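> Below are the sequence and a predicted model for it; my questions follow.
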Amino acid sequence: MKRLIALALCLASVCAAQALAQKKKTKEKRFEPVVRQNLRDYAGRYVGVDDSYWIEISVGDDGRLAAVSHEDGREAALTDIRLEGARLTATSVYRNGSRAEFVATFGDRVRDGVRTFGLTTESIRIELPGITLTRIFYRRVGE
């Protein structure tokens, strides 16, 4: 009888393990830097974790990039913009005169085979209850 109970428990464990394995899905998530040939291909509005975090990028008549960052009601003009490959660096100048380094990379976020063009920032910090985000993906909207 003890062997029968042990066998039944083993079978139940194997069945439970198989059920868990079947429920487990493989999720693909990665970021691939993208270099565009034309500066105008970078222009657009990019939205972050929610609509209160966005970046507007444009190309001026002089052919140079211009950008403004909005961080939950805090606005910054990006100055000294440099684009090397897919990497964008600049200085964020806030309305109160404070300055901060701005670093981002243009690219595709790939999630389960779906590609979304945008940019990942490495210099904006978002403080949420219990978590601090330091690498934020901003997807381009309106394409």
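Right, received. Where do you want to start?
> Show me which helix or strand of this protein is least confident by mean pLDDT.
The helix or strand of the chain with the poorest confidence is helix 2-23; it has a mean of 52 (mean pLDDT, DSSP states H and E).
> low-scoring stretches of this protein, by residue?
For the chain, residues meeting the criterion pLDDT under 70 lie at 1-26, 143.
> what ranges do the strands span in it?
29-33, 44-47, 53-59, 65-71, 74-84, 87-94, 99-111, 114-121, 126-128, 131-133, 136-141 (DSSP state E).
> Dump those into a markdown table; add mean neighbour count as well.
(Glycine included, C-beta is placed from N, CA and C.) Listed next are the strands of the chain as a markdown table, based on neighbours: other C-beta atoms under 10 Å:
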| stretch | mean neighbour count |
| --- | --- |
| strand 29-33 | 11 |
| strand 44-47 | 18 |
| strand 53-59 | 18 |
| strand 65-71 | 19 |
| strand 74-84 | 14 |
| strand 87-94 | 18 |
| strand 99-111 | 17 |
| strand 114-121 | 18 |
| strand 126-128 | 11 |
| strand 131-133 | 10 |
| strand 136-141 | 18 |
